[in-house]
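*Asks:* No sequence on hand, only this structure:
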């Protein structure tokens with residue numbers, strides 16, 4: 001035994017046996033992977049035989065912040081310094097237990113003026129699983145005087161209330177605290193968020209709103225109601241203006257710092273001041289960027305409070321409220337929004353958000369109905385109860401991809417934050433228009449990718465349904481404007497759809513298919529999909545014996561050739577000429593630009609679809 005012990009490890013009965021995953025397979029090297037990748041890229045035509053670079057360079061994608069996402073991450077890409085759950089820098093969770101014991105806070109939004117209708121919706125949601133209330137109060141919501149009616153029979157000590165009162169935040173806060181007192185809930189037990197956000201108001205309205213009154217309110221509340229948060233640092237105005245993830249994070253952290261300054265000036269220590277803040281961030285259908293965003297945000301705020309207090313303060317763990325992105329929601333084919341919000345909720349939950357609001361799928365159309373509200377709250381139920389998503393602390397932790405993305409995003413957001421601070425802070429950046437300019441630049445880049453369908457929108461720019469029935473909802477109350485714009489990614493395509501739908505008859509384009517069905521199906525489908533994105537019907541007769549005769553019968557004046565490269569070489573010029581002689585004002589071709597004298601334009605992957613569709617509608621006389 002002694003001899004054996006000197007030459008090999010002996011496992012004791014209490015020691016678990018080490019499991020070597022995939023031990024029966026030979027170890028694969030990065031070079032072998034590269035060879036396989038290069039083979040696939042050569043077959044697809046992405047690289048040629050003489051290509052001597054790294055094949056994975058052709059698979060790198062870039063975010064709007066310029067972050068490079070690699071196609072493969074390995075243990076060589078390990079990121080250090082992520083810490084542990086509940087400990088600085090809080091990347092892995094603001095709490096040691098994460099959301100394992102309670103799940104995240106299921107927060108529903110209410111934005112109607114009628115207090116009784118709002119109350120009915122709140123009670124239905126609470127019965128269906130919602131755990132907290134996000135209530136718009138004041139000019140764009142329930143009147144402050146009717147707050148008690150909106151919360152009638154609501155156990156506000158069990159279902160915390162977050163207010164969104166705009167300029168009327170002081171009056172709304174007083175009304176809510178008075179309601180707690182009337183219901184004899186001890187001040188020490190009250191849990192709520194009063195929602196004061198003068199910086200967000202400035203961003204939304206373009207008019208400066210002082211921070212001092214909010215700080216004074218917070219100082220009073222902190223002294224009497226230790227579990228109440230007074231101020232929200234809202235990232236949604238920057239997100240909806242078209243900003244990138246790093247821009248949203250940088251501006252939101254800058255808002256948090258501005259609030260931290262005025263709160264400490266009002267007499268609060270750094271930990272207490274930080275405890276008065278809640279941060280609101282958008283969650284999108286890009287699940288990995290969403291996961292990284294919420295993890296990176298906690299790291300950034302931990303660094304801010306560490307510098308501000310000179311230590312790792314107990315309040316350094318950022319309180320986060322995730323809202324599924326209003327910008328990603330569509331009015332057309334709104335049912336797809338259910339899938340988008342599910343992905344966004346997944347990302348926010350995995351990223352460790354404390355509270356999550358899933359906007360109903362019809363939120364871009366108007367006020368939600370009972371069905372859409374039910375689907376929104378059941379999205380949480382499926383992810384929490386059926387998928388057990390909160391059953392693991394930081395489920396993305398240790399992923400080489402997610403850890404790198406978190407690290408890269410945190411650094412990019414920190415650069416944005418320090419640039420804002422160097423320019424005088426978030427208030428100065430909003431007043432000068434510098435931040436608005438940077439957000440507009442990102443929106444321009446995003447718009448280009450949307451218009452070329454490199455950023456596809458399912459149901460709108462891809463796979464649209466011209467026969468869908470319109471979803472009708474009560475209108476949303478007017479929202480503050482005059483400051484940063486509110487964009488939706490689908491807005492340009494949906495404007496074309498509205499324009500086409502308002503025309504007395506459905507605008508049409510004729511698809512002139514060349515050659516056998518197998519030769520033209522792919523390009524015909526591509527062209528039909530593109531035209532339908534603008535509300536234009538693509539008339540496809542299949543493989544007619546007489547293309548010109550079918551064109552005359554179609555009743556349109558625009559044709560699009562669809563076929564193989566071989567059929568184009570043999571027939572495109574003659575068919576295009578014949579179609580023009582038959583009355584076609586334009587003859588397009590589905591494929592890369594070539595040398596065809598009678599072809600007016602080309603449709604191909606990456607072409608500007610909005611430009612093509614606008615021109616087509618103009619030519620068809622659609623106003």
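*Replies:* Alright, I've got the coordinates. No experiment lies behind these values; they were computed from the predicted model shown.

*Asks:* Measure how buried residue 476 is and give me the count.
*Replies:* Counted with other C-beta atoms under 10 Å, residues neighbouring residue 476 total 15. C-betas here are computed from N, CA, C, even on glycine.

*Asks:* Now do it against residue 491, distance only.
*Replies:* Going from residue 476 to residue 491 by C-beta to C-beta, to the nearest Å gives 15 Å.

*Asks:* what do you get for residue 258?
*Replies:* Distance, residue 258 to residue 491, using C-beta to C-beta: 31 Å.

*Asks:* higher neighbour count, these two?
*Replies:* Higher neighbour count among residue 258 and residue 491: residue 258, with 20 against 16, using other C-beta under 10 Å.

*Asks:* what about that one, is that helix, strand or coil?
*Replies:* helix (DSSP: H, G, I helix; E, B strand; the rest coil).

*Asks:* ok, now the one 4 residues further on?
*Replies:* Here residue 262 is recorded as helix under three-state DSSP.

*Asks:* Report pLDDT for the nearest residue to it once chain neighbours are set aside.
*Replies:* Nearest in space to residue 262, with sequence neighbours left out and distances taken as C-beta to C-beta, 6 or more residues apart in numbering, is residue 215 at 4.0 Å. If you check residue 215, the pLDDT there is 98.

*Asks:* which stretch of helix or strand covers residue 215?
*Replies:* helix 212-224 (DSSP states H and E).

*Asks:* helices and strands around that helix, which ones?
*Replies:* The contact analysis (3 or more C-beta pairs under 8 Å, 6 or more residues apart in numbering; DSSP states H and E) places helix 212-224 against helix 169-182, strand 192-196, strand 228-234, helix 245-265, helix 270-275.

*Asks:* Would you mark the buried spots in it?
*Replies:* Across helix 212-224, burial judged by 16 or more other C-beta atoms under 10 Å covers 214, 215, 216, 217, 218, 219, 221, 222.

*Asks:* Isn't the first one up against residue 200?
*Replies:* No: with contacts counted by C-beta atoms under 8 Å, residue 214 stays clear of residue 200, the gap being 10.6 Å.

*Asks:* From residue 209, how far off is residue 240?
*Replies:* 18 Å.

*Asks:* ok, now residue 216?
*Replies:* Applying C-beta to C-beta, the value for residue 216 to residue 209 is 14 Å.

*Asks:* Same check on residue 472?
*Replies:* Distance from residue 472 to residue 209, counting by C-beta to C-beta: 36 Å.

*Asks:* So between those two, which is more surrounded?
*Replies:* residue 209 (20 against 9).

*Asks:* Am I right that that one is in contact with residue 170?
*Replies:* No: with contact defined as C-beta under 8 Å, residue 209 does not reach residue 170; the gap is 11.8 Å.

*Asks:* can you give me the strands for the stretch 401-550 of the chain?
*Replies:* Secondary structure of the stretch 401-550 of the chain (DSSP state E, counting those that start in this stretch): strands at 508-513, 537-539.

*Asks:* Any idea how many residues pack against the closest residue to residue 169 other than its chain neighbours?
*Replies:* Distances taken as C-beta to C-beta, 6+ apart put residue 196 closest to residue 169, at 4.2 Å, once the chain neighbours are dropped. Residue 196 has 29 neighbours, counted by other C-beta under 10 Å.

*Asks:* What of residue 617?
*Replies:* For residue 617, using other C-beta under 10 Å, the count is 19.

*Asks:* that older thread, which among the buried residues of helix 212-224 gets closest to residue 568?
*Replies:* Among the buried residues of helix 212-224, residue 214 lies closest to residue 568 (C-beta to C-beta), at 65.2 Å.

*Asks:* show me the contacts for the residue nearest to the closest one when sequence neighbours are not counted.
*Replies:* If the residues on either side of it in the chain are set aside, residue 214 comes closest to residue 196, at 4.0 Å by C-beta to C-beta, 6+ apart. Neighbour list for residue 196: 169, 170, 173, 214, 217, 218, 230, 231, 232 [criterion: C-beta atoms under 8 Å, 6 or more residues apart in numbering].

*Asks:* what do you get for residue 79?
*Replies:* 400, 403, 404, 406, 407.

*Asks:* how close does it sit to residue 398?
*Replies:* Using C-beta to C-beta, residue 79 is found at 10 Å from residue 398.

*Asks:* Next: residue 376.
*Replies:* Separation of residue 376 from residue 398 (C-beta to C-beta): 31 Å.

*Asks:* Which strand or helix spans residue 108?
*Replies:* Going by DSSP H and E, residue 108 is in strand 105-110.

*Asks:* Buried by neighbour count: which residues of the helix or strand following that strand qualify?
*Replies:* Counting by DSSP H and E, the next helix or strand C-terminal to strand 105-110 is helix 115-127. Using 16+ other C-beta under 10 Å as the burial criterion, the residues of helix 115-127 that qualify are 115, 118, 119, 121, 122, 125, 126.

*Asks:* What residues are bridge-paired with the closest residue to the fourth one other than its chain neighbours?
*Replies:* The shortest distance from residue 121 to any residue other than its chain neighbours is 6.1 Å, reached at residue 110 (C-beta to C-beta, 6+ apart). For residue 110, the residues forming beta bridges with it (DSSP bridges) are residue 135.

*Asks:* contacting residues for residue 110?
*Replies:* Contacts of residue 110 by C-beta under 8 Å, 6+ apart are 118, 121, 122, 133, 134, 135, 136, 141, 142, 150.

*Asks:* Mind pulling up the pLDDT for it?
*Replies:* The model reports residue 110 with a pLDDT of 97.

*Asks:* do you know how far residue 374 is from residue 181?
*Replies:* Distance of residue 374 to residue 181, given as C-beta to C-beta: 34 Å.

*Asks:* Between the two, which has more neighbouring residues?
*Replies:* Using other C-beta under 10 Å, the more surrounded residue of residue 374 and residue 181 is residue 374, with 16 against 12.

*Asks:* quick one, what contacts the most centrally placed residue in the chain?
*Replies:* Nearest residue to the geometric centre of the chain (C-alpha atoms, centre = their mean): residue 284, 2.1 Å. Shown in contact with residue 284 (C-beta under 8 Å, 6+ apart): 290, 324, 325, 327, 328, 340, 343, 344, 347.

*Asks:* now swap in residue 188 and tell me
*Replies:* Counting by C-beta under 8 Å, 6+ apart, residue 188 touches 225, 226, 227.

*Asks:* Same check on residue 395?
*Replies:* By C-beta under 8 Å, 6+ apart, residue 395 lies in contact with 350, 389.

*Asks:* Check what pLDDT it gets.
*Replies:* Model confidence at residue 395, given as pLDDT, is 94.

*Asks:* Distance of it relative to residue 477?
*Replies:* Relative to residue 477, residue 395 is positioned 38 Å away (C-beta to C-beta).

*Asks:* Please apply the same query to residue 95.
*Replies:* 36 Å.

*Asks:* These two: which has the busier surroundings?
*Replies:* Remark: of residue 95 and residue 477, residue 95 carries more neighbours, 16 against 13, as counted by other C-beta under 10 Å.

*Asks:* Check the secondary structure at that one for me.
*Replies:* From three-state DSSP, the assignment for residue 95 is coil.

*Asks:* Not including adjacent chain positions, what is the nearest residue to it?
*Replies:* Residue nearest to residue 95 in three dimensions, not counting chain neighbours: residue 86, with 5.1 Å by C-beta to C-beta, 6+ apart.
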